[in-house]
Structures are given as C-alpha cells and as structure tokens.
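> Here is my input; please provide its structure:
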Amino acid sequence: MQVKHLFLATALTSLLVTATYAQSPTGTASTTETSSRRVQTTAPILDGQANLSATKVDEGTKSGKLSETPPAEAKAATHFDTSGGESDSNGVTNRLRQIRTAKVYEELKPIEKPETQTSRRTKTVAKPSESVATETDSDTGSPVQNLPSVMKKPTVRQDVPKAAAPRVTTRESNDSKSASPKDGFSENQSSDPTEKVAAAPKATAAPKTQPRETAVAAAPSQADAHVLITNRSPVLSVTTRGPRTIVVGKEALFEFDLKNASEIAAKNVIVRMHLPHWIEVAKQDTSVGSTRVEPDQQGDSTLNWTIAHLNGEAHEKLKLKIIPRGSRPLDLGVTWTFVPANSTAQIQVQEPKLEMSVIGPQDVLFGETKIYTITISNPGTGDAENVVLNLKPLVPSEQAAGVRQIGTIRAGTRQTIEVELTAKQTGRLQVQAEAMADNGLRAQGAQEVRVRRAALEVQVKAPSMKYAGTKARYTIQVTNSGDAAAQDVAAIATLPAGVKDIASSSGGKLDTKQGQVHWKLGSIRPGASRVFELECTLVSPGSNRLDMQAVAHGDVNALSSAVTAVESLADLKMTVDDPHGAVGVGTDVIYEVKIENRGTKAASNIQLYGFFSEGIEPAGIRGWRGSVSEGEVIIERIPRLGPGQEMVIKITAKAHRSGDHVFRAELESIDPETKLAVEEWTRFFGETETAQQVNREEPAEQR
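Numbers count the residues shown, from 1 in each chain. Predicted coordinates for the structure are as follows:
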C-alpha cells in the first residue's frame with residue numbers, strides 16, 4: 001500500500017513539474033515563501049495591469065516529457081522543504097499536502113514581472129496607519145496577508161479658516177474588489193478620474209469591501225458651515241476574458257467587460273489596449289461606442305474603445321479577435337480614462353489692491369536736494385499684508401535708494417512717506433518707487449524730474465604747422481551748452497615751452513612763473529559763447545601744445561587743446577669773393593667760398609666743388625681738407641653745419657693766359673636737400689705764355 005502511495009505521489013510530482021514549465025512563458029519559476037516551508041512554483045501569466053501573456057508550448061512538454069528540461073531546474077521545481085513536517089510513515093500524505101499547497105499558490109500568486117513600455121504596474125504600499133487583514137492557510141498553517149486594494153483612496157477634506165477665502169473641498173469615494181484569476185479572467189476597478197491602470201490580483205482573495213459612501217455624513221454645524229461641494233466619481237472596472245495560450249496564425253477571441261459600479265454616469269470613457277506590432281486585429285465588436293486602432297512611436301499600436309456616455313450601473317462589452325504573427329509573449333495592457341464631473345459654488349472673494357503716487361518738484365538744479373512725498377493706498381476690499389516700500393535709484397547703475405517695511409494697509413486706507421533725493425545726473429529722470437505685499441501684490445509710482453546743469457565747451461583754433469621763430473595766432477571760444485546759466489566762468493591757457501612775444505585780447509593776464517594766461521569771463525547764459533585770441537612766437541621745434549581749461553561754479557569744467565607742429569629748417573647760403581679788379585698773369589689769386597646756415601636746424605653732409613676755366617689752374621686749399629687736380633678742386637664732405645654757423649674755404653689759383661677767366665663753385669647737401677652754384681669772372685692781363693704753358697696747351701689744341 002505504501003509503495004502504491006509512493007508511486008502515486010511520484011506521478012503527481014512529475015505532472016506538476018510538466019505543468020509548471022508549460023505555463024511559464026520564460027521557462028523559469030518564481031518563489032513563494034511561507035513561515036514554515038518554501039514551495040517553488042510558477043504563477044499564472046498575469047501582471048499588475050491585467051495583462052495576458054501567451055506563449056507557444058513545446059509539444060514534448062504537452063506529452064509530459066521532460067527531455068528538454070534541465071535536471072537542475074526540474075530538481076528545483078520539485079524540491080520541498082519538509083523541515084517541521086510529519087514522520088516518514090506519513091511521507092506520502094505530506095507530499096500530497098505540499099502539492100496541493102503549491103496549486104493553491106499557483107492560482108493566487110501572480111508572477112511579478114518588471115515594468116515595460118507596453119505594460120504598466122500599479123503598486124500597493126501599505127501605510128503605517130493602515131491595518132492589513134491576515135488569514136491562516138488551513139494546510140500549511142502559514143499566515144496569508146489580505147493586501148489592501150490599490151484602488152482605495154482616503155476621503156480628502158480641507159477645512160478653510162474663517163479669516164481666509166473659502167476653498168472648494170473635494171471628497172472622492174472609490175470602491176475596489178480584489179479578484180483572483182479564474183479561467184484566464186482578470187478584473188480591475190478604479191475610480192481615479194485620471195488614467196486608470198488595471199491592478200494585479202492579490203496573493204490571497206481579499207474580503208470584498210462595501211463601496212464607501214460618497215456623501216459626507218452629518219457633522220457638527222460649525223464644520224458643515226465650511227462644506228461647499230461634495231463630489232462623487234464613477235467607479236469603473238474592466239474584466240478581461242480570453243485564452244491563456246494562443247497559436248501563431250490562428251484567431252483568438254478576447255472579451256473586455258466594462259462596468260460602472262456606481263450610480264454616477266461617466267463621460268468620455270476611453271479604454272485602451274496595447275497591441276504589439278506582430279499582433280493583427282481581425283475583428284472588433286462593441287455593445288456601445290466606437291473603436292479605433294492608432295499606431296505609436298515604437299511601431300506598436302493601441303486599440304481605443306471610446307464611449308461618450310456610460311450610465312450608472314451600466315455594463316458594456318468589447319469582443320476583440322486577434323491573430324498573432326510571431327511566437328513571443330503577448331503583453332495585453334488595458335488602461336482607461338474618463339472625464340470627471342464639474343461642480344461649482346459661488347464664493348465671495350475679497351481682493352486687496354495697491355496704488356501708489358509720487359509727488360515732488362519737477363525742475364531741479366544739479367546737486368540740489370529736494371523732498372518727495374510717496375503715498376501708498378489700498379482701494380481694494382481686503383487688507384494688504386506685509387507691505388514693503390522699495391525706493392528705486394535715479395540712476396539705473398546705482399544701488400537701491402532704500403527699503404522700508406510698511407506692514408499692513410487696511411482696505412480703504414493709505415500711508416504717506418516723505419523722502420529726500422539729491423540729483424546727481426542731468427537730464428530727465430524718474431523718481432520711482434515700488435510697493436510689494438503678500439500674494440504678489442505690486443504697485444509702482446513715478447515722478448518725472450528734469451535736472452538742469454550748465455555745461456561748458458572749449459574750442460581752440462591754432463595753425464597746424466609753423467617754422468621755428470615765427471608767430472602763431474590762437475582763437476579760443478568758450479560755450480555754455482547746458483540748460484542752466486554758468487556762473488563765475490574763468491579760462492586758463494597753458495603756453496608751449498619757449499614761446500615769446502605773448503599777447504592776448506579780452507583782458508588776459510600773463511603768469512610768467514606758471515607759463516599761463518588767465519581770463520575772467522563772468523556769467524554765460526545757456527547757448528551763449530565768449531571768444532578771445534592769443535598770439536605768441538614759437539621757438540622750439542617739434543609739437544607745440546596749447547592747453548585750455550574753462551571752469552565755472554558748481555564743479556563745471558571743460559578742457560581742450562591744440563597742437564602746432566614747429567619745423568626747424570636748415571637754410572644754406574653760399575657766396576664767392578673773387579679778386580677785385582684786373583690781375584696780372586702768373587699772380588696768385590684767392591677765391592673765398594663762404595657757406596652759411598641761416599636756418600634753425602643743422603645741415604649735414606655738405607659737399608663743395610670748385611671748377612676753373614681754361615687759362616687758370618688751382619694751386620691750393622685753406623680752411624678745409626680737399627684735393628686739387630687739373631682745372632678743379634674737390635672739398636671733402638662737411639659732416640655738419642649748425643644753425644647760424646658759417647665756414648670759409650680759400651682756394652688759391654694762378655692764371656697763365658690773359659683774358660676773362662671763370663671760377664664756378666657748386667654745393668650739394670643731403671639734409672636739407674640743397675643744390676647751390678655760384679660763378680665769378682676775373683680779368684687777367686700780361687705777356688705771352690711761357691714755353692711750359694704752350695707745351696701743356698698744344699695737346700689740348702690738337703684735341
């Protein structure tokens with residue numbers, strides 16, 4: 001008898017292992033733990049959104065063969081922890097009880113799958129304040145928790161203090177039922193007015209809960225005085241029916257039952273089914289509403305079942321026939337949405353307001369301090385609390401002028417503040433202030449102010465270039481370009497270095513120690529000008545700068561300058577002093593060549609040449625180095641001849657034939673670039689030339 005029981009237990013265990021690997025879409029097992037023993041089993045193919053997973057079952061598995069099942073997995077799938085169990089004589093009874101326990105958990109425990117893009121999971125987290133009902137398994141003695149429904153929501157109530165504006169209090173009542181998967185069915189309920197996601201079945205069947213009352217029970221009169229609106233929401237549920245296993249290329253029928261468990265109608269209900277791209281929709285029939293298949297960005301599609309109006313306690317169906325075109329798990333996600341009902345209540349609203357004004361002088365001179373009055377009023381129906389006054393700067397680049405705490409301004413009252421402001425910028429300015437209070441209240445006020453000030457401008461007209469030692473004339477003009485009169489105007493001219501022969505008009509006074517000329521111009525009205533002149537002789541070569549400054553009362557001043565380029569010029573002059581009267585032949589005569597620099601700049605690289613006509617020859621040079629050759633004299637280059645300097649070079653010559661003879665001197669200079677030439681005629685008389693002179697001239701006659 002024991003052998004028979006043992007054989008029966010072994011057969012049942014083998015069948016359980018076969019069913020386990022046939023139902024699992026991935027070929028793996030999930031683990032369910034209890035307090036006394038651990039059972040490895042495979043849960044139904046259900047996730048937290050009433051998703052149905054279909055997979056193709058291996059023919060060998062259907063026939064009960066385990067040839068393709070790894071031994072390790074088969075061993076793990078049939079392992080039972082018998083610690084704390086009965087004796088060996090009752091081993092068969094214990095094994096059968098454990099098998100029955102595994103089947104119970106197989107029906108009640110869904111497999112936990114990670115969230116994907118096609119299936120969303122609703123998770124339930126028990127709050128510390130919530131009590132979780134528990135039951136005890138009759139076979140294993142292990143406590144089994146009744147998890148709280150994920151669709152339940154606590155009633156929300158907000159009481160508004162008397163002093164504050166009334167607010168709308170919203171109460172939501174949601175009913176939910178936890179259902180165990182039976183024959184491939186999953187039932188999900190939700191009352192969230194936003195998107196609904198099918199809830200996962202619980203590990204144990206939770207006791208059914210009665211729908212909560214949507215109306216709030218009567219409370220003390222003081223609490224009811226603040227209740228304005230009580231809202232109720234429809235309670236929808238979607239039950240999905242269909243096969244757990246479908247075959248590639250064959251139609252499969254799925255039914256979706258939509259129920260409204262409340263008496264409140266739901267508007268614009270949309271039930272969505274996510275379909276992978278490899279699922280073909282063959283047919284779709286609805287008891288009410290319309291359906292439409294829309295593709296998504298991932299290449300999949302979504303079937304939308306739209307119902308414009310779903311009455312209370314209504315029950316509608318959608319029949320969907322699909323054909324799978326691929327062998328892979330199917331995650332059939334079901335979600336739904338509907339539009340919540342609107343409720344209104346007339347509430348008296350008090351509104352505080354802020355207004356501001358700034359009053360003060362509109363015309364101010366630069367640097368003056370004036371008083372401005374700022375008034376903040378509350379013309380609204382509520383009190384303005386925590387009012388702060390912020391006085392903005394006259395110039396945007398400066399820091400804020402000041403901040404002052406005002407406090408509370410009652411409705412219909414005002415407060416006045418006086419401030420002193422000093423104008424530090426000319427032109428049209430804005431005296432601005434801003435008041436801020438709680439709840440974003442703001443008010444701004446401004447007063448336009450025109451700040452006037454005198455503005456001086458100085459213009460100097462001067463020659464751009466002068467030669468050293470010449471006079472320069474300057475014309476000076478002082479103008480008030482501001483919009484206020486300039487008082488106690490004075491002008492000061494700082495002269496270039498080395499000037500002389502200084503003269504001025506309009507009563508200018510010379511300060512020889514400072515090298516300045518001063519004028520007192522008095523008052524100049526806006527737009528008026530004063531013109532005067534200055535004359536001096538410029539001596540120093542280079543840039544000669546004249547600086548002008550005009551000042552007035554109130555720290556008003558202006559500067560200007562003019563630069564004259566003074567050039568120093570090397571002016572070379574050459575003269576030749578020849579012998580006076582007639583000179584006898586054979587007598588030594590002296591020609592004096594004088595080179596003079598009449599300019600203000602040194603001359604450099606001076607070259608001098610002397611040429612004689614036929615009948616006279618040079619004999620020597622004095623005053624500078626040079627060379628004498630037949631009929632000419634070459635003076636060595638003179639490197640420098642300073643301003644006002646002169647040089648005399650004496651050239652000795654002798655005539656050997658009577659007549660008028662010519663001496664020509666030529667001068668060349670690089671700096672300054674100069675070319676000069678001077679000729680002098682001298683008459684010579686006497687007897688016939690000597691034989692030596694004749695012999696020297698005969699070859700010349702033959703040429």
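
> who does the helix or strand containing residue 536 pair up with?
Taking DSSP states H and E as the definition, one finds residue 536 inside strand 529-538. Sheet pairing for strand 529-538, assigned by DSSP bridges, gives strand 470-480 (antiparallel), strand 500-504 (antiparallel).

> Now render those strands as TSV, adding distance to residue 633 and mean neighbour count.
C-betas here are computed from N, CA, C, even on glycine. Below are the strands paired with strand 529-538 laid out as TSV (distance: least, C-beta to C-beta, whole Å; neighbours: other C-beta atoms under 10 Å):
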stretch	distance to residue 633	mean neighbour count
strand 470-480	38	19
strand 500-504	43	14
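
> how about the ones you listed, which one is nearest residue 578?
Proximity to residue 578 (C-beta to C-beta) singles out strand 470-480 among the strands paired with strand 529-538, at 35.7 Å.

> After that closest one, which helix or strand is next? Please name it.
Next element after strand 470-480 (DSSP H and E): strand 486-494.

> Show me what that following strand is packed up against.
Judged by 3 or more C-beta pairs under 8 Å, 6 or more residues apart in numbering; DSSP states H and E, strand 486-494 is in contact with strand 456-461, strand 470-480, strand 516-524, strand 529-538, strand 542-552.

> These: which one's closest to residue 680?
Among the helices and strands packed on strand 486-494, strand 470-480 sits nearest to residue 680 (C-beta to C-beta), with 34.2 Å.

> what mean pLDDT does the closest one have?
For strand 470-480, mean pLDDT rounds to 93.

> Measure how it sits relative to strand 542-552, angle-wise.
30 degrees (axes from the mean of the first three to the mean of the last three C-alpha atoms, to 10 degrees).

> Could you dump the strands paired with strand 529-538 into TSV with distance to residue 625 added?
Shown next, in TSV, are those (distance: least, C-beta to C-beta, whole Å):
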stretch	distance to residue 625
strand 470-480	37
strand 500-504	40
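
> Quick one, which of those strands gets closest to residue 312.
strand 470-480 (90.1 Å).

> Run through who's touching the closest one.
Strand 470-480 is contacted from outside by 454-463, 466, 486, 489, 491, 493, 501, 521, 524-538, 544, 546, 548, 550, 558, 562, 564, using C-beta atoms under 8 Å, 6 or more residues apart in numbering.

> Report pLDDT for residue 164.
For residue 164, pLDDT reads 34.

> Ramachandran coordinates for residue 438?
phi -60, psi 160 (degrees, to the nearest 10).

> Do I have it right that it meets residue 382?
No: Residue 438 is beyond contact range of residue 382, at 10.4 Å (criterion: C-beta atoms under 8 Å).

> Looking at the two now, which is surrounded by more residues?
Neighbour comparison, residue 438 and residue 382: the larger count goes to residue 382, with 16 against 12 (by other C-beta atoms under 10 Å).

> before we move on, back to that, can you redo the helices and strands packed on strand 486-494 as a markdown table, where the extra columns are distance to residue 416?
Output for the helices and strands packed on strand 486-494, formatted as a markdown table (distance: least, C-beta to C-beta, whole Å):
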| stretch | distance to residue 416 |
| --- | --- |
| strand 456-461 | 41 |
| strand 470-480 | 40 |
| strand 516-524 | 40 |
| strand 529-538 | 47 |
| strand 542-552 | 39 |
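
> quick revisit: closest one to residue 390 among the strands paired with strand 529-538?
The nearest among the strands paired with strand 529-538, by C-beta to C-beta, is strand 470-480 at 37.9 Å.

> buried residues in stretch 323-340?
323, 324, 330, 331, 332, 333, 334, 335, 336, 337, 338, 340 (16 or more other C-beta atoms under 10 Å).

> In strands, which of those residues appear?
Those of the buried residues of stretch 323-340 mapping onto strands are 323, 324, 333, 334, 335, 336, 337, 338, per DSSP state E.

> quick one: contacts for the last one?
Contacts here follow C-beta under 8 Å, 6+ apart; on that basis residue 338 touches 193, 234, 236, 266, 267, 268, 269, 270, 310.

> Which one (most neighbours) among the residues you listed?
Busiest of these [other C-beta under 10 Å] is residue 266, holding 27 neighbours.

> Can you check the pLDDT for it?
For residue 266, pLDDT reads 91.

> Also residue 501?
For residue 501, pLDDT reads 89.

> cool, residue 46 as well?
On the pLDDT scale, residue 46 gets 30.

> which residues does residue 547 bridge with?
Residues in beta-bridge contact with residue 547 (DSSP bridges): residue 494, residue 561.

> thinking it is in contact with residue 496, fair?
No: using C-beta under 8 Å, residue 547 is not in contact with residue 496, being 9.2 Å away.

> Who has more neighbours out of the two?
residue 496 (21 against 17).

> right, and that one touches residue 544 too?
Yes: between residue 496 and residue 544 there is a contact at 3.7 Å, judged by C-beta under 8 Å.

> Please identify every residue contacting each of those two.
538, 564.

> Contacts only, for residue 354.
376, 377, 378, 380, 384, 387, 409, 435, 437, 441, 442, 443.

> so which strand or helix has the last one?
So that's residue 443. Going by DSSP H and E, residue 443 is in strand 441-452.

> Please list the outside residues in contact with that strand.
352-366, 372, 374-376, 384, 387, 394, 423, 425-436, 482-484.
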